[in-house]
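Chemist: sequence? don't have it. structure:
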């Protein structure tokens, strides 16, 4: 598939005065960079920065790093500068980048499909202890993130990671990010189809390939053949969802154009059924459309979701078929609604081979290097040496024989990793927050952990599935719009008129089961200190008013504003 931009079309329609022609679309012949980010990428591919890191910056230190590399191209290798300690949220949008930058980095290790071996996990844990002050967070995109990384240590970190088959390549940046996969691919009893071969082939073709390393913005992907719909397919740029075609058998339903942040959109079905061996071609076609037709003029319109919204599913499919695949796709069915409300695979579950997998929940995805090393030892003692991360900040040990299950569960629980967690431990997710993130306004991880403790103490009998997602800024890394209770960090006024950390509240969002965005109650904001009282109050009202079997999201959609305040 050609990587070079297409020639300009002969007849470009006239646009309204004041609107830049073509939005910077390469396929329309508009190749001149229209903002600083596009200029930086044109000046030098982000993949090239690794050589400078290894030969210059790691030897000369942080102060030697070129600014365009520091705040741009280094993301192509999973590196972001972290927030300087002591800068409060009120200054997030005021200070210049160099004032917010600490001389340490967040480093993201991509784990495509969430697949890990105990050897790999032990290396991840060791790097955490030796180079990252013990930090290691499980993300909602199946990755592991470190903090406190020094540029001087990157060559050795890469040597260790790549020595066991792990990578940070294009873990960040305007690139094809990690490919989400069902964490129980190939082992679940109820699986429709195993998407692992497609993930491997896409990775081989796309990741680190300079044909696809200059996209308008990030490109998020998901592939799952689980009937639980366990990879948040509705909010990815591209997703392949397992379905059974009445004539052709198991394959994938193709979705495009999902994403959250400040302008959330659910992905749309193209109505196309894709067999397993054609998934990489379809993926390459869609990412090529994004590269060639994606909007590059304004960063806030540079995601695929805006192109899909403007074109619609029918035109998008036509362009994919006519210009990129050069053939028609097969029409196919939509995925069925999942029966289960939880789709994180926490608990003890039988595999199709008769063994078991055991999923467990840390607090808001926060672990540490020592704990990860202990998990690796437990998995080696009780399983086959295979583990998985999930898209819900959880982890799974695979291939446990029945006689080893109880011992493994006891070992995990001793590490405060719950196999049978409360709904609050199981359903609370948090982004990095102000502790390390330069975009954040409020604390998230510690706030989420303390909220779990408070709710478990106050509502010990609460058993309904519930998601509470906490985000430190409007960018929705923790998916606030699609949570039962979504909390968007911002500064609010307390009862004395003081500006303090707090949250705007979104209620009744969902994925999988009647996917949609939560509602915002007019003027509803809570301070961090008030948060446990508020959540307890709303959940008690839900318990009192819900109909038999009614989920929180359904109740929240019909409840009056008084009940939600």
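Modeler: Right, received. Where do you want to start? Computed from a prediction, not measured in an experiment: that's the story for all the values here.
Chemist: which residue lies nearest the spatial centre of the protein?
Modeler: Central residue of the chain (CA atoms, centre = their mean): residue 141, 3.5 Å from the mean position.
Chemist: am I right that that one is in a strand?
Modeler: No: counting by DSSP: H, G, I helix; E, B strand; the rest coil, residue 141 is not found in a strand; it is coil.
Chemist: report how many residues lie close to the closest residue to it other than its chain neighbours.
Modeler: Nearest non-adjacent residue to residue 141, counting by CB to CB, 6 or more residues apart in numbering: residue 178, 5.5 Å away. C-beta here means a position set from N, CA and C on the backbone, and glycine is covered the same way. Residue 178: 27 surrounding residues under other CB atoms under 10 Å.
Chemist: circling back to that earlier point, pLDDT score assigned to the residue nearest to the centre of the chain?
Modeler: For residue 141, the pLDDT comes out at 97.
Chemist: got it, and the one 5 residues further on?
Modeler: In this prediction, residue 146 carries a pLDDT score of 98.
Chemist: ramachandran coordinates for the nearest residue to it once chain neighbours are set aside?
Modeler: With CB to CB, 6+ apart as the criterion, residue 146 has its nearest non-adjacent residue at 3.9 Å, and that residue is residue 132. Backbone torsions of residue 132, given as degrees, to the nearest 10, read phi -130, psi 20.
Chemist: wait, residue 132 touches residue 145, no?
Modeler: No: under the criterion of CB atoms under 8 Å, residue 132 makes no contact with residue 145, lying 9.2 Å away.
Chemist: so what sits against both of these two?
Modeler: Taking CB atoms under 8 Å, 6 or more residues apart in numbering as the contact rule, residue 132 and residue 145 both touch residue 107.
Chemist: confidence score at the residue nearest to residue 146?
Modeler: pLDDT, residue 132: 98.
Chemist: try residue 341
Modeler: For residue 341, the pLDDT comes out at 83.
Chemist: ok, it - contacts?
Modeler: Contacts of residue 341 (CB under 8 Å, 6+ apart): 465, 513, 551.
Chemist: so residue 501, which state does it fall into?
Modeler: Reduced to three states by three-state DSSP, residue 501 is strand.
Chemist: distance of it from residue 268?
Modeler: Separation of residue 501 from residue 268 (CB to CB, to the nearest Å): 36 Å.
Chemist: cool, and residue 511?
Modeler: Distance of residue 511 to residue 268, computed by CB to CB: 15 Å.
Chemist: compare the two (neighbour count), which wins?
Modeler: Counted by other CB under 10 Å, residue 511 and residue 268 do not tie: residue 511 has more neighbours, with 24 against 19.
Chemist: what is the burial count for the closest residue to that one other than its chain neighbours?
Modeler: Closest residue in space to residue 511, ignoring its immediate chain neighbours: residue 482 at 5.0 Å, by CB to CB, 6+ apart. By other CB under 10 Å, 26 other residues sit near residue 482.
Chemist: could you number the chain from 8 rather than 1 from now on?
Modeler: Got it, first residue is 8 now, which makes that one residue 489.
Chemist: state the distance from residue 489 to residue 396.
Modeler: According to CB to CB, residue 489 and residue 396 sit 20 Å apart.
Chemist: tell me how many other residues crowd residue 500.
Modeler: As a burial measure, residue 500 scores 12 neighbours (other CB under 10 Å).
Chemist: show the contacting residues for it.
Modeler: When contacts are counted by CB under 8 Å, 6+ apart, residue 500 touches 506, 507.
Chemist: quick one: pLDDT of it?
Modeler: Looking at residue 500, its pLDDT is 92.
Chemist: which strand residues bridge it?
Modeler: Counting by DSSP bridges, residue 500 is bridged to residue 506.
Chemist: so it versus residue 551, what's the distance?
Modeler: Using CB to CB, one obtains 30 Å as the distance from residue 500 to residue 551.
Chemist: try residue 219
Modeler: Distance of residue 219 to residue 551, given as CB to CB: 53 Å.
Chemist: more neighbours: the two, which one.
Modeler: A count of neighbours by other CB under 10 Å puts residue 219 above the other of residue 219 and residue 551, at 21 against 8.
Chemist: what number of residues lie near the residue lying closest to that one once chain neighbours are set aside?
Modeler: Of all residues not flanking residue 219 in the chain, residue 213 sits nearest, at 5.3 Å (CB to CB, 6+ apart). Residue 213 has 21 neighbouring residues, counting by other CB under 10 Å.
Chemist: show the pLDDT at residue 213.
Modeler: pLDDT at residue 213 comes out at 98.
Chemist: please apply the same query to residue 12.
Modeler: pLDDT at residue 12 comes out at 41.
Chemist: now swap in the one 5 residues further on and tell me
Modeler: With respect to pLDDT, residue 17 has a value of 34.
Chemist: partner strands of the helix or strand hosting residue 249 and their direction?
Modeler: Per DSSP states H and E, residue 249 falls inside strand 245-252. In the sheet, strand 245-252 lines up against strand 226-231 (parallel), strand 256-263 (antiparallel) (DSSP bridges).
Chemist: the strands in the stretch 458-572 of the chain, which residues?
Modeler: 475-478, 492-500, 506-514, 526-534 (DSSP state E, counting those that start in this stretch).
Chemist: kindly report the same for the stretch 58-207 of the chain.
Modeler: Per DSSP E, counting those that start in this stretch, the stretch 58-207 of the chain carries strands over the ranges 86-90, 108-116, 122-124, 142-145, 151-156, 183-188.
Chemist: so what touches the second one?
Modeler: Contacts of strand 108-116 from elsewhere in the structure, counted by CB under 8 Å, 6+ apart, are 69, 77-78, 81, 85-92, 131, 139, 146, 150-158, 161, 164, 168, 173-175, 178-179, 439, 443-445.
Chemist: quick one: strands adjacent to that strand?
Modeler: Sheet pairing of strand 108-116 (DSSP bridges) gives strand 86-90 (antiparallel), strand 151-156 (antiparallel).
Chemist: which residues touch the closest residue to residue 107 other than its chain neighbours?
Modeler: The shortest distance from residue 107 to any non-neighbouring residue, by CB to CB, 6+ apart, is to residue 445 (4.5 Å). Contact analysis of residue 445 by CB under 8 Å, 6+ apart lists 87, 88, 89, 90, 99, 104, 107, 108.
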